[in-house]
Every structure is written in structure tokens, then in C-alpha cells.
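Novice: please find the sequence and the predicted model below.
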Amino acid sequence: MSFKVRIGVNPISWVNDDLPSLGAETLLETALSEGAAIGYEGFELGQKFPSDPAVLRATLDAHHLVCVSGWYSGRLAVLTVGQTDAQAIDSEIARCASHMEKLKHNNVDVLVYGESAGSVQGQIDTPVNHRPCFVSQELWQSYARRLDGFGAHLIETYGIRLAYHHHMGTYVESPNDIDRLMALTDPAKVFLLFDTGHAYFGGAHQPLELLHKHIHRVAHVHCKDVRASVIDKAHNESWSFLDSVLNGAFTVPGDGDVDFSPILRALKNAGYGGWLVVEAEQDPAVAPSQAYAQKGYDTLRRIISTLN
């Protein structure tokens, strides 16, 4: 059985959406040209990409690239006063419409859903361990119901699956959080974006073990390496997520402490056939974008070649 996956990249290697000063001077044209020259087949979206669906497609076509997916900042974790689950889902459906039309026009099949309600990921002065948490099973269950409803709408309306991105500083960060979310949501409506770096940072120091538990829910993969010593320091000194990024917590595959060979082998054995996206929040002044993007691509390509 061959391992038929595509290697994409997130533009955060060139321009950081959470810390816009990192790579602010870099043109979109530079990122696309360098990514295409390396061999990447597609890009996830970022702040410098065109918002118009047709212009986006033409921009990527000019570099023989495709749109992989795009982050969506969901707000389903917290209800406003008096709001029902159904009203929250309807509000999210209305809020996401233009983004979803853009993805559909560009033949995307998964949405990167990141929960932004209550998130501290963008607060540089807030320790990441001050993240929000659901304090009861009832809150977990109601959140799962809302995700199921929203995920069902995305599939029925756009043919696009909700790939839930567990992320530092949010309600779903730790292995236990991921376990609960997967147990409570409908596997036909809510899927998992497995991020190796956030898994490690969130407490899964053996990301492969977490992947094995939920591998048949995986619809999208972010290949992010970590510098374990920096992450240890981030936890011990109560850094914010952004301070962790600035201090080099993440890097590209092949440059850190995650072993990607068994992870890719497990994905192959499970029949995964989606995207492997190199994503590493770093300061391009410290970790030059093209060189590190090349290293990440070469690492994944080399492992894939051994599996085919």
C-alpha cells in the first residue's frame, strides 16, 4: 500500500498572523515563489492572501499551487447570555459563510477550526497555563452538540469537513481534552486536525500514542517539530504562548525532538490520504524562512520515500 499524501506549508514560516511583526516585510509573492520552488504543492491561508475567492485561486495558480485550507476562529465554546445551542450554531453558520465560500471555490475539503472563544493564545502577557477550561461535563456535552451541528452544516452545505485544531491556550489543549472531545462528538461530523507540536506542548510527549488513539478521526495533519528544552522552560516559567514562540518552542520537522518516521508510518497504515502541512511559528530573522521550509519539506519527503 503506497502512502499517497500531499505536502503543503503554512505561511507562518514567512509571516506570523499572531505576531504580525515577525516577517511583516515579507511579500506574499516571496513566500509563494519560495514555497513552490521547494516543492510544496499548496499553502494554507494567512493574512496576506487575497480574500476574494477567484483572485485567491488565480494567485495560487500563477505559482502552480493550490489552497490547502484556512484557519477559522470559531466561537462555539461560550454562549452569550440567554443564547441557545441552536442560536449559537446559526450565528456561527452566518459568520463563517464568506470564508467557507472561499474554501469551496478553491476545492478545499477540510476547514481548520480553531476555538477562539476565551483563548489566551494571542495574549503575550498571559501565561499559556491560564487557558480556559470547561468546569463540568454538561459544558463539555453542550459544546460537543454545537460542534456536531456546525460540522453537519459544513458537510451538507459545502462538502467540507470540520478538522478540529487542538491548540495551546484554548479549551482543547491537553491529551485528556482531546480524548473527551473525540468521545463526545459525532465521528461523522467532527474530525481531528492532529498537530504534532501542539500535542507535545499540551502534554503528549509521545505524540504517536495520542495519534494512535484517534487516528481514524484525523482529517488533516500539521507537522510541527518542537524544542523540548524550550517547552520545558515555558511550562516551568509560566510563559505565554507568544513568548514561547519567540523563544523558539517550535521548528520544522527534522530540526527538533519529534520523531516523524513512526508518525507518518502510522498515518500510512491507517490509510490517511490527506495533507501533511509543515507549520512552524518562528522568527524568520532567527530561522530564515526558505531554509527552514526546505528542511521541513526534505524531512517529510525523505520519510515518505522510505514508506513507498
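Specialist: That came through fine. Numbers count the residues shown, from 1 in each chain.
Novice: so is the residue nearest to residue 180 when sequence neighbours are not counted in a helix, a strand, or just coil?
Specialist: Nearest non-adjacent residue to residue 180, counting by CB to CB, 6 or more residues apart in numbering: residue 140, 5.8 Å away. For the C-beta atoms, the positions are set from N, CA and C on the backbone; glycine is no exception. Classification of residue 140 using DSSP: H, G, I helix; E, B strand; the rest coil returns helix.
Novice: just confirm residue 140 contacts residue 185, I think it does.
Specialist: No: Residue 140 is beyond contact range of residue 185, at 10.1 Å (criterion: CB atoms under 8 Å).
Novice: the two - which one has more neighbours?
Specialist: residue 185 (22 against 19; other CB atoms under 10 Å).
Novice: hang on, that one packs against residue 147?
Specialist: Yes: counting by CB under 8 Å, residue 147 is a contact partner of residue 185 at 5.5 Å.
Novice: how many neighbours does residue 290 have?
Specialist: If we define neighbours as other CB under 10 Å, then residue 290 has 17 of them.
Novice: quick check, it in a strand?
Specialist: No: Residue 290 is assigned helix when assessed by three-state DSSP, not a strand.
Novice: and it, what does it touch?
Specialist: By CB atoms under 8 Å, 6 or more residues apart in numbering, the residues touching residue 290 are 34, 38.
Novice: swap in the one 5 residues further on?
Specialist: When the contact criterion is CB under 8 Å, 6+ apart, the partners of residue 295 are 252, 253, 254, 255.
Novice: that one and residue 260, how far apart?
Specialist: Shown here: residue 295 relative to residue 260, a distance of 12 Å by CB to CB, to the nearest Å.
Novice: who touches both of those two?
Specialist: The contact lists of residue 295 and residue 260 share 253, 254, where a contact means CB under 8 Å, 6+ apart.
Novice: just say helix, strand or coil for residue 7.
Specialist: Assignment for residue 7 (three-state DSSP): strand.
Novice: gap between it and residue 158?
Specialist: For residue 7, the distance to residue 158 - CB to CB - is 24 Å.
Novice: and for residue 44?
Specialist: Taking CB to CB, one finds residue 44 at 17 Å from residue 158.
Novice: what's the answer for residue 182, then?
Specialist: 23 Å.
Novice: neighbour-wise, which of these two wins?
Specialist: residue 182 (20 against 17).
Novice: restrict the host helix or strand of the more buried one to CA atoms and write it as PDB.
Specialist: Assigned by DSSP states H and E, residue 182 falls within helix 175-184. Only the C-alpha atoms of helix 175-184 are listed here, as PDB (Å, rounded to 0.1, in the frame of the first residue of the first chain):
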ATOM      1  CA  PRO A 175      -4.400  14.800  25.600                       C
ATOM      2  CA  ASN A 176      -7.300  14.500  28.100                       C
ATOM      3  CA  ASP A 177      -9.100  17.400  26.400                       C
ATOM      4  CA  ILE A 178      -8.700  15.700  23.000                       C
ATOM      5  CA  ASP A 179      -9.900  12.400  24.400                       C
ATOM      6  CA  ARG A 180     -13.100  14.000  25.800                       C
ATOM      7  CA  LEU A 181     -13.800  16.000  22.600                       C
ATOM      8  CA  MET A 182     -13.400  12.900  20.400                       C
ATOM      9  CA  ALA A 183     -15.600  10.800  22.800                       C
ATOM     10  CA  LEU A 184     -18.400  13.300  22.900                       C
END
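Novice: paired strands for the following helix or strand past it, with orientation please.
Specialist: Sequence-wise, the next helix or strand downstream of helix 175-184 (DSSP H and E) is strand 190-195. Strand 190-195 sits in its sheet next to strand 161-165 (parallel), strand 218-223 (parallel), going by DSSP bridges.
Novice: surely residue 114 forms part of a helix?
Specialist: No: read with three-state DSSP, residue 114 is strand and lies in no helix.
Novice: surely it meets residue 170?
Specialist: Yes: with contact defined as CB under 8 Å, residue 114 counts as touching residue 170 (7.3 Å).
Novice: more neighbours: which of these two?
Specialist: residue 170 (25 against 19).
Novice: which SS class is the more buried one?
Specialist: Per three-state DSSP, residue 170 ends up coil.
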